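[1] Quick one, fold the following:
(one chain, ligands or ions: 3)
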Amino acid sequence: MRVASVIVDVPAMQTDRTFDYLIPEKWKEIIQPGMRVAVPFGPRKVQGFVIKLKNEPEVERLKEIHSLLDLTPVLNEELLQIGYWLTEKTLCFMISALQAMLPAAMRAKYDKEIKLLPTSRLDELEPAVQALMDESTSIQWNEIEKRDLLHVFQKDIKKGFLEVVYHVKNKTNKKTMKQVEPAISSSEIDDVIKTLPVQASKQKEALEYFKTNHAPILIRDLLNILGSTESTIKSLVKKGLLLEKNIEVYRDPYKDKTFQRTVPLPLTNEQEKVISPILASIDDEVHNVYLMYGVTGSGKTEVYMQAIDEVLKRGKEAIVLVPEISLTPQMVNRFKGRFGSQVAVLHSGLGAGEKYDEWRKIHRKEVSVVVGARSAIFAPFENIGIIIIDEEHESSYKQEDNPRYHARDVAIFRGEIHDCPVVLGSATPTLESFARASKNVYELVTLKERVNNRPLPTVEIIDMREELRNGNRSMFSEALYAKLLDRLEKNEQSVLFLNRRGHSSFVMCRDCGYVMNCPHCDISLTYHKSSHQLKCHYCAYETQMPHVCPECNSEHIRFFGTGTQKVEEELAKMIPQARVIRMDVDTTSRKGAHEKLLREFGEGRADILLGTQMIAKGLDFPNVTLVGVLTADTMLHLPDFRSSEKTFQLLTQVSGRAGRHELLGEVVIQTYTPEHYSITLASHHDYDGFYQNEMMIRKLHAYPPFYYLALITVSHPELTRTIDVAEKITTYLRKSLSNKTIILGPVASPIPRINDRYRYQCMIKYKSEQNLNKLLKGILDRYQKEIAQHSLSLSIDLNPYIMM
Ligand SMILES: Nc1ncnc2c1ncn2[C@@H]1O[C@H](COP(=O)(O)OP(=O)(O)OP(=O)(O)O)[C@@H](O)[C@H]1O
Ligand SMILES: [Zn+2]
Ligand SMILES: [Zn+2]
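    Ligands and ions are numbered 1, 2, ... in the order given. Next comes the predicted model:
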C-alpha cells in the first residue's frame, strides 16, 4: 500500500475528514489502520490515526508520513467502526471519538521504548533485535528508528516477545522494581555456603533460599520471606553470587491486596430462572438485551459473575460497567475474588499511568474481564462474550463532553457486533429501559426476592412539617433520634444519608411543604440569590421571590439546603457518645480515603456512617440495621424532568443498604412532601406503581420515553449575537421539522453566562425525525466559520441528561 488515510488531531469542522499521506518505502510493510502517526499539517506536525490504506493516491502530490507512534494498532477495526458510529450518533468529530477510546496517558507527550516481555527470552528474537537488545531488556525507540529497524522489531512485537511502552513525560513514568536471581548454579551455591564465615548467617539464609528456588524474585518479596535487610542482598550482588535487575511492574493499585477467593454459590430458584436465558444467549452466540430488574440484595452480582464464568470457559471476554461511585472496594473485591488476576479495573480514581497499565493488560490480552466506569465500554477486547451494565439507571453512564455518548448505546452496538448478550441490571431501571422491556425490545428478567428471603426493610415516612409544628427545629425527627439511640445501645450500626445535590436552589414553605413551581412546566423554580428571583429553567418563566407562602400565608418560606458538616456538628451535640464517620467530597478527596473510611465502618469502628450520594449504593454491611434519610426532598425539586425518578431511585438504593443479612432492617425517610408519589411508592418498594405513575406524567408533558430530546446550546460573548443565532436556529428547525415535533425556546440557559459567554438554548422533543442528525450537522456547517474563530459555540446533545 502506498497511501494512508489519516484523521488528524485538529478538532475542527474543516479537518473532520481523512487526509492522504504517502507511506515512506521503509514503512510499507509496517503501517496498519488503527496506528498513530505524526504527519505534516500546514506548517506544523500533528498526530493522527491511520484509518485506511489505499494503493492509488487521489491527489497528485502527497506529503509523506513523518513518523510512527505505534508498531501495533492501538485501535482495532471494530473500534474504528465504533468511531464512525459515534460521529453519527453524537455529531462529534472523528478525532474526538477516536481519542475517547484510548487512555488519557496516550494523548499526552511521551517517550517510547521497546521492551522484552518477562515471558520471552532473548534467543527467541530476530537476530538483529537480539544484537541490539543484548545485555538489556529494553531499548529506546529513537535508537531503532535511527537504524531503520522498526520493521524487524515489529515482527517480534507481533509474536508477543516485545512490546512498546509509552512513558508519559510528566510523572507517570513506568514503575520499576529491583529483582534478583542467582548468578550461579544450585550446586555452586552449596559450595559457596560452606566457605562463608559463621557470622554471615543472613547471607547463608538467602543462598539457601535460592538453592531450592532457583528463580528471579523481587527484592521486596525476598526480604519479606527472609526477614533480612537489603544490605545482605547487596553484598551477595557485589560478590557476584546474585544478579540484580530493574524490572518494570504494572502500577497495579490492587497489587498488595490479597483477595479472598470465592467460588460460585448454588443459585436460588429465582437466580436460576434469570440466568438461564442469558446462558442460552452465550451458548447460541446471539445478541439479546436483558433488563435484569432485581430488588436490592437479590443477588444480581452473583448472577453476573456466573454468566461471566461461562463466557470465560468459552475463551471469551467480559466487560462489566459499574457507576463510578460504586467502584467501591466491595465491588472490586467481589470480581477480583472470583476471577483473580484475570480482572483489569478501570476507573477515575486511578492515576493516568495506572489506567494506562490496566489498559495495556487488556490490549495485550493478559486479562479477560474488565470492571470499570463508563469509558471501559471501549475496552479493546476482540472476542466479547457478555457486556454487563450494573445500576443501569445511573446518569454517570452518559458522557457530558464530546463525544456525548451513553455507554448503554455503545454496549448494545458492540453486543450486536460480537453476537453476545448485554445485561442491564438495576433495582430501579430507568423508565426508558423498562418501557423497552415492556415492548419486548429488551427481555425482562426479574428477581423479586432478596437472597434467603430476607425481607426488605420497613420504611417509615416522617413529616418534617409536623415536627416543626411540634417545636422540633433540629434536622432530626423524634423518631429518627430515638432509633439512633436504640441502635447505639444494641451495638448495631446506622447509615445517615444527606442528599446534597441541588441544595439551596429550590424554595419551599416549611409550614405546609408548598414548593414554588413553574405554572407552565410543572417543574420547580430555581431561586436566584443575586436577583432575588425565581426562574424556570425550561420555559424562561420568572417571578419575584414571595415573602409569604402563596398557599398558607406562612412567613417560613425559604430556599433550602444543609451540608454534611452541619449534620455532623448537630449529631455531636445530640448524641455525643456516637462515633461518626463522615463521607463526602471533602473527606474522600485523598486517594484511598474512600476505601479506608469504609473499611473502618465495616470493622465496626464507628456507629454511624454519614454521607452523600456516594454511600447510596453498593454497600453491604451485615451490622447495618437503620438507614435514615435526612431530607428526601432536595432532589425532588431540581429543575429536571427526571427529578421524581431520581428521587425514587435514590431512596430505593439507600433503603437497600439496611437489613441485608441476619438482622432486620429499618428505614426512616424525613421529608416535607410526604405525599409525593416518588416518596410513598419508594417506601412501599413499589417500582411498578412508580413506573405507571411516572409514565403518565411523562406522557402528559411529552418527555422521554414518549419523546426523544435534543438540546442545542448557543453561546457567544455578546448577548445580542447569542440570541440572534439561537433564534435563527430555532426558526430554521421549526420550518424544517415535522409539525408533530415540539420545539421549545430559544430561552436563556439555566446558567445564562459562563466564562463571560452568554448561553441560550433550544429544546427539541420529537418522536421520529429521520433527518434530524443531518439537519443538525447542516447547522454546524452553516456556522463553522464563527465556530472556528471561537467566537461562537454550538453544543448539540442528543439525549441530554443535564439541562444546564
Ligand atoms: N445464591 C446465593 N446463595 C447465597 N448467598 C447469595 C447468593 N447470591 C447472592 N448471595 C449473597 O447475597 C447478598 C446480596 O447479593 P448481591 O450483592 O449480589 O445482590 P445485588 O442484587 O447485587 O444487590 P444490590 O443491587 O443491592 O447491590 C450478597 O452478600 C451475596 O453474597
Ligand atoms: Zn405554606
Ligand atoms: Zn416553565
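[2] need the residues of the chain near ligand 2, please.
    C509, D511, C512, Y514, C549, E551, C552, S554 (CB under 5 Å from the ion). Placement of C-beta: from N, CA and C, glycine included.
[3] give the contact list for whichever residue of the stretch 101-250 of the chain sits closest to ligand 1.
    Using CB to the nearest ligand atom, the single residue of the stretch 101-250 of the chain nearest to ligand 1 is P103, 28.1 Å away. P103 sits next to A352, K355, Y356, W359 when contact means CB atoms under 8 Å, 6 or more residues apart in numbering.
[4] Out of those residues, which comes closest to A658?
    Of all these, K355 has the smallest distance to A658: 34.6 Å, by CB to CB.
[5] ok, the closest one touching R107?
    No: if you go by CB atoms under 8 Å, K355 and R107 don't touch, sitting 11.7 Å apart.
[6] related to what we said a few turns ago, any chance of the contacts of P103 in TSV, plus distance to G160?
    Formatted as TSV, the contacts of P103 follow (distance: CB to CB, whole Å):
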residue	distance to G160
A352	25
K355	23
Y356	19
W359	17
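[7] separation between whatever residue of the stretch 551-700 of the chain ends up closest to ligand 3 and A540?
    Using CB to the ion, the single residue of the stretch 551-700 of the chain nearest to ligand 3 is P639, 8.5 Å away. Using CB to CB, to the nearest Å, P639 is found at 12 Å from A540.
[8] what do you get for G385?
    Distance from G385 to A540, by CB to CB: 50 Å.
[9] Tell me how many other residues surround R582.
    Neighbourhood size, R582 [other CB atoms under 10 Å]: 21.
[10] May I ask which helix or strand encompasses it?
    Using DSSP states H and E, R582 sits in strand 580-583.
[11] Now for the closest residue to ligand 1 within the stretch 451-600 of the chain, how many residues are close by?
    Nearest residue of the stretch 451-600 of the chain to ligand 1: V451, at 3.9 Å (CB to the nearest ligand atom). V451 has 18 neighbouring residues, counting by other CB under 10 Å.
[12] Could you verify my assumption that it touches T301?
    No: applying CB under 8 Å as the test, V451 and T301 come out as separate, 10.4 Å apart.
[13] pLDDT at E324, what is it?
    As predicted, E324 sits at a pLDDT of 74.
[14] cool, and I247?
    Looking at I247, its pLDDT stands at 69.
[15] quick revisit: out of P639 and A540, which sits in the more crowded spot?
    Set P639 next to A540 and count neighbours by other CB under 10 Å: P639 wins out with 22 against 17.
[16] what's the pLDDT at the more buried one?
    According to the prediction, P639 has pLDDT 71.
[17] Which residues are in contact with L525?
    F506, V507, M516, N517, C518, L534, K535, C536, Y541, E542, T543, P639.
[18] Roughly how far does the nearest residue to the fourth one once chain neighbours are set aside sit from T634?
    When the adjacent residues along the chain are set aside, N517 lies closest to S524, with 5.4 Å between them (CB to CB, 6 or more residues apart in numbering). In this structure, S524 and T634 are 11 Å apart, going by CB to CB.
[19] And K273, by the same measure?
    38 Å.
[20] next one: L236
    Taking CB to CB, one finds L236 at 64 Å from T634.
[21] Count the residues that sit near whichever residue of the stretch 201-350 of the chain sits closest to ligand 3.
    In the stretch 201-350 of the chain, the residue that lies nearest ligand 3 is P323 (30.2 Å; CB to the ion). The number of residues packed near P323 is 22, by other CB under 10 Å.
[22] For it, which non-adjacent residue is closest in space?
    If the residues on either side of it in the chain are set aside, P323 comes closest to E394, at 3.9 Å by CB to CB, 6+ apart.
[23] one step back: looking at K355 and R107, which is more packed in?
    The residue with more neighbours, out of K355 and R107, is K355; 25 against 14, by other CB under 10 Å.
[24] domain assignment for this structure?
    3-102, 109-249, 269-452, 458-505+561-696, 708-797 (automatic domain parsing).
[25] any idea which strand is longest in the chain?
    Criterion DSSP state E: the longest strand present in the chain is strand 742-754.
[26] and the angle for whichever helix or strand comes after that one with strand 742-754?
    On the C-terminal side of strand 742-754, the nearest following helix or strand under DSSP H and E is strand 757-766. Using axes from the mean of the first three to the mean of the last three CA atoms, to 10 degrees, the direction of strand 757-766 lies 160 degrees away from that of strand 742-754.
[27] Name the SS class of S768, please.
    coil (DSSP: H, G, I helix; E, B strand; the rest coil).
[28] Identify all contacting residues around stretch 206-219.
    Counting by CB under 8 Å, 6+ apart, 177-182, 185-186, 189-190, 192-193, 196, 222, 225-226, 228, 230, 232-233, 236, 241-242, 244-245, 247, 249 sit against stretch 206-219.
[29] which helix in the protein runs the most residues?
    The single longest helix within the chain, with elements called by DSSP state H, is helix 719-736.
[30] Now do the strands in the stretch 1-150 of the chain.
    Using DSSP state E, counting those that start in this stretch, the strands of the stretch 1-150 of the chain run over residues 3-8, 18-22, 36-41, 44-54, 67-68, 110-116, 138-140.
[31] rank those by mean pLDDT and give me the bottom one.
    strand 110-116 (a mean of 73).
[32] how about the residues of this structure near ligand 1?
    265-268, 271, 294, 296-302, 427, 451, 618, 620, 656 (CB under 6 Å from any ligand atom).
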